[in-house]
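Chemist: Next comes the sequence, and after it the predicted model I'd like to discuss.
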There are 2 protein chains.
Amino acid sequence: MVIKEFSFELLAQNENARLGKIYTPRGIIETPAFMPVGTLGTVKGVYVEDLIKTNSQIILGNTYHLMLRPGVEVLKKFKGLHNFMNWKKPILTDSGGFQIMSLSKFNKIDRNIGAIFKSHLDGTKIILSPELSIQIQKNINSDIMMVLDECPKYTNDKKVISNAIETSTQWAKRCKIEFGINKKKALFGIVQGGLFEDLRLESLANLKDLNFDGYAMGGLAVGETQFEMQEILKKTVSYMPIKKPRYLMGVGTPSDILVAVKEGIDMFDCVMPTRSGRTGLAFTWQGKINLKNSKYKLDKTPLDKTTNLRNINMYSKSYLNHLIKTNELLASMIISLHNINFYQEFMKKMRTSIKEKKFNKFYNKYYKLFN
Amino acid sequence: MVIKEFSFELLAQNENARLGKIYTPRGIIETPAFMPVGTLGTVKGVYVEDLIKTNSQIILGNTYHLMLRPGVEVLKKFKGLHNFMNWKKPILTDSGGFQIMSLSKFNKIDRNIGAIFKSHLDGTKIILSPELSIQIQKNINSDIMMVLDECPKYTNDKKVISNAIETSTQWAKRCKIEFGINKKKALFGIVQGGLFEDLRLESLANLKDLNFDGYAMGGLAVGETQFEMQEILKKTVSYMPIKKPRYLMGVGTPSDILVAVKEGIDMFDCVMPTRSGRTGLAFTWQGKINLKNSKYKLDKTPLDKTTNLRNINMYSKSYLNHLIKTNELLASMIISLHNINFYQEFMKKMRTSIKEKKFNKFYNKYYKLFN
């Protein structure tokens, strides 16, 4: 099937949980979808061929990181990130807003100019305007681009958040203009507003006026409780356009994902599977397993005997316990790959449960297991 | 072909360079052979399945490291290292002598007892006797075991070295007794003697009296020049039994290996391919490539376009330059695997050159390239 344009199809609904498909010229993404994070042009510790075997259909790249390293010159040379890293399926890029808040030093927002900050690597002063963010995302050859937003640190100061929305709305407009018309690609708006319902709805209304290809919830999973996140999703998501994909940025644990799918979210990204992989935390159908725990020292059973991927089931918990305790690279490699594979299996079963109108049963079973 | 006993077959000779086969119940090892090092039960950064694809026929395990972590209890539970790490082909284990010298603290040699030292991890006092070293190697289920030797630090003090030989000879005897009779396995003696011809020959004569299954040259590649190493090999190797495998421990670079094969050595082990892999140094048919060098920043060519292993040839030097500069795990993974694969290709071509009586041509071509 040759796909020429970006589009979204809503296939089924089970209460608010949605089953859908995102079509892009680089491939189809079944939703609810989980996107592994490839911060610097590699999903940490995972070979691209193995990533494909996990049934990952899209990955995320970070504009902030990629503009610093390898930089636009290199990405241009390769006509984008796909060729550079040998990942031929779709890539979504965040705009840099979140990293400017969380990583860079001395960041300052000038509504008329853009974000002014110093690189976390060498302190170089950088000005990232909405236009530049889109230009870089175009050089990455991203399939789904995100608008540059002002992402305030976790706060209850309504005025700060309200002001950030005003900036973000203006920047979203400028991003849309810079993006231009390209039916092969998509540009998503990012809803801000912290935990304030009225601000979220205001932000969303502003973005809807601009008619984006999809809508993301930003500024969550930044310190609030899961209950608070759920509450604001409950109040906001139903106002998001039905026929556009809905993306919850930077989320999360399997239980976070369940909570958000229940409210009608379609897309997720998170470093959880790989970051946990590097510290020895595995996600399995039996729940979370901390492989550092000495109770696994003599445990000859595999992490998951049903996993067929790359003979991962031939490694015992005992062996993984040894590898993680001795800081061996192979521990990060095996557990990261296992976790991404688990996440994708989890999403697949979740999609099946929506299709079969059994999402609540699935939710109840696994929410407890992972919370 | 079912192999029931350890044996060695000398197939051809080209001047002093030898072509042979080591037969073990776990598989055949073509010599000259290179053994990747799996210090702690994993060849760093390499999946076992990929290691098999590099045509590695045997790997090395470290008794010193494995006795500390995971420890004998775990190894016993798995009936050895093969099952623990899922490597079913032969394993050679060193005895711990070298690590006691190079890694442990406050090591002291008591000829009657053994090596007394403190663990480099937590300072625990450990006594490793010749008997215990063999017992641990039996628990590892090693296919080729090494005698425990006293491995003095690099020195020109003849008395120190002479004394170490005396200890090592006595320990070799005790190891042989502890090893007992087991035709499926092999026990190798280790020739010491520094750069002194007379001491090397004395050590070798003592070991020959004990009739080992193979003979190793120890205490080289510890600080001497390549020329000094070559000179002492020239003077010693021809006295080693013709019908037993000859192993040069801890060596080395491709040019070191060429020099030693020229003198009649059959087996090698070295951390070079994996350690270099982690710092961005790649071995290729075009010579050594330091992938950290910024001249590769925009280089779209692969490391080695002839490599079919695991699609490694799809990664450009530019991408590897980026990965190594950003300390990404994938850099270590790709370059380590590439290097082991290169070493094994190098050994294979070297074996062909001996078979075809063209070793000198091979030597001249690649000695220059890698020196």
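Modeler: Received, thanks. Small disclaimer: the values here were computed from a predicted structure and weren't measured.

Chemist: only C-alpha atoms for contact and neighbour calcs from this point on.
Modeler: Will do.

Chemist: So for A:M1, what's the pLDDT?
Modeler: According to the prediction, A:M1 has pLDDT 80.

Chemist: Next, count neighbours for it.
Modeler: By other C-alpha atoms under 10 Å in any protein chain shown, 6 other residues sit near A:M1.

Chemist: just A:R310 next, same as before
Modeler: For A:R310, the count of nearby residues is 15 (other C-alpha under 10 Å).

Chemist: Give me the spatial nearest neighbour of it, chain neighbours excluded.
Modeler: Setting aside the residues directly before and after it, A:R310 is nearest to A:D50 in space (C-alpha to C-alpha, 6 or more residues apart in numbering or on different chains), at 7.6 Å.

Chemist: can you pull out the strands in the stretch 151-300 of chain A?
Modeler: Remark: strands assigned in the stretch 151-300 of chain A by DSSP state E, counting those that start in this stretch are A:186-191, A:214-217, A:246-248, A:267-270, A:281-284, A:287-290.

Chemist: any chance of these in CSV, plus distance to chain B, mean pLDDT and mean neighbour count?
Modeler: Below are the strands of the stretch 151-300 of chain A laid out as CSV (distance: least, C-alpha to the nearest C-alpha, whole Å; pLDDT from 0 to 100; neighbours: other C-alpha atoms under 10 Å in any protein chain shown):
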stretch, distance to chain B, mean pLDDT, mean neighbour count
strand A:186-191, 26, 98, 28
strand A:214-217, 29, 98, 24
strand A:246-248, 27, 98, 26
strand A:267-270, 18, 98, 22
strand A:281-284, 18, 97, 24
strand A:287-290, 17, 97, 15
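
Chemist: Which positions in chain A make contact with chain B?
Modeler: Residues of chain A lying close to chain B by C-alpha under 8 Å from any C-alpha of the partner chain are A:40, A:42, A:44-47, A:69-70, A:74, A:77-78, A:84-86, A:297-298, A:300, A:314-316, A:318-319, A:322, A:326, A:328-330, A:333.

Chemist: if you set the cut-off to 6 Å instead, what comes out?
Modeler: Proximity of chain A to chain B is confined to A:G45, A:P70, A:H322, A:L329, A:L330 under the rule C-alpha under 6 Å from any C-alpha of the partner chain.

Chemist: where does the residue lying closest to A:M333 once chain neighbours are set aside land in three-state SS?
Modeler: Using C-alpha to C-alpha, 6+ apart and skipping the chain neighbours, the partner closest in space to A:M333 is A:G45 (5.0 Å). Secondary structure, DSSP: H, G, I helix; E, B strand; the rest coil: A:G45 is coil.

Chemist: wait, isn't A:G45 in contact with A:I334?
Modeler: No. Using C-alpha atoms under 6 Å, A:G45 is not in contact with A:I334, being 8.5 Å away.

Chemist: Pull the distance from stretch A:61-80 to the chain's centre.
Modeler: 19 Å (C-alpha atoms, centre = their mean, to the nearest Å).

Chemist: Can you mark which positions in that stretch are buried?
Modeler: For stretch A:61-80, a neighbour-count test (16 or more other C-alpha atoms under 10 Å in any protein chain shown) marks A:61-72, A:74-80 as buried.

Chemist: now could you export just the CA positions of it as PDB?
Modeler: Output in PDB follows, covering the C-alpha atoms of stretch A:61-80 (Å, rounded to 0.1, in the frame of the first residue of the first chain):
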ATOM      1  CA  GLY A  61      14.100  12.200  18.000                       C
ATOM      2  CA  ASN A  62      15.100  15.300  20.100                       C
ATOM      3  CA  THR A  63      15.500  18.500  18.200                       C
ATOM      4  CA  TYR A  64      17.400  20.100  21.000                       C
ATOM      5  CA  HIS A  65      19.900  17.300  21.200                       C
ATOM      6  CA  LEU A  66      20.300  16.700  17.500                       C
ATOM      7  CA  MET A  67      20.900  20.400  16.800                       C
ATOM      8  CA  LEU A  68      23.800  20.300  19.200                       C
ATOM      9  CA  ARG A  69      25.100  16.900  18.100                       C
ATOM     10  CA  PRO A  70      25.600  15.800  15.300                       C
ATOM     11  CA  GLY A  71      24.300  19.200  14.200                       C
ATOM     12  CA  VAL A  72      22.400  20.300  11.100                       C
ATOM     13  CA  GLU A  73      25.400  20.100   8.800                       C
ATOM     14  CA  VAL A  74      25.600  16.400   9.300                       C
ATOM     15  CA  LEU A  75      21.900  15.800   9.100                       C
ATOM     16  CA  LYS A  76      21.700  17.800   5.900                       C
ATOM     17  CA  LYS A  77      24.500  15.700   4.400                       C
ATOM     18  CA  PHE A  78      22.400  12.600   5.000                       C
ATOM     19  CA  LYS A  79      19.200  14.300   4.000                       C
ATOM     20  CA  GLY A  80      17.800  13.600   7.400                       C
END
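
Chemist: Find the residue at the geometric middle of chain A.
Modeler: In chain A, the residue lying closest to the centroid (C-alpha atoms, centre = their mean) is A:D269, at 1.8 Å.

Chemist: How about the residue in the stretch 151-300 of chain A positioned nearest to chain B: what's its closest non-neighbour residue?
Modeler: Proximity of the stretch 151-300 of chain A to chain B (C-alpha to the nearest C-alpha) peaks at A:L298, 6.1 Å away. What sits nearest to A:L298 in space, not counting adjacent residues and going by C-alpha to C-alpha, 6+ apart, is A:S318, at 5.2 Å.

Chemist: May I have the predicted confidence score for that neighbour?
Modeler: 98.

Chemist: My guess is it contacts A:T301. True?
Modeler: No. Judged on C-alpha under 6 Å, A:S318 makes no contact with A:T301 at a distance of 7.8 Å.

Chemist: Between those two, which has more neighbouring residues?
Modeler: More crowded of A:S318 and A:T301, by other C-alpha under 10 Å: A:S318, with 27 against 15.

Chemist: For the more buried one, pull up the helix or strand it's in.
Modeler: helix A:317-325 (DSSP states H and E).

Chemist: Now A:L60. Its backbone dihedrals?
Modeler: With angles defined as degrees, to the nearest 10, A:L60 sits at phi -110, psi 140.

Chemist: Chain A: helices as residue ranges?
Modeler: A:48-53, A:63-68, A:72-77, A:81-85, A:97-102, A:130-140, A:158-179, A:197-210, A:226-236, A:254-263, A:272-279, A:317-325, A:329-355, A:359-370 (DSSP state H).

Chemist: Can you report how many residues neighbour the closest residue to the residue nearest to the centre of chain A other than its chain neighbours?
Modeler: Nearest-residue entry for A:D269: A:M35, 4.6 Å, with adjacent residues in sequence omitted and distances by C-alpha to C-alpha, 6+ apart. Residue crowding around A:M35 was assessed by other C-alpha under 10 Å; the count is 24.

Chemist: didn't A:F188 look like it was pressed against A:F212?
Modeler: Yes. With contact defined as C-alpha under 6 Å, A:F188 and A:F212 form a contacting pair (5.4 Å).

Chemist: so how many other residues sit close to the nearest residue to A:T24 once chain neighbours are set aside?
Modeler: Closest residue in space to A:T24, ignoring its immediate chain neighbours: A:F6 at 4.6 Å, by C-alpha to C-alpha, 6+ apart. A:F6 has 20 neighbouring residues, counting by other C-alpha under 10 Å.
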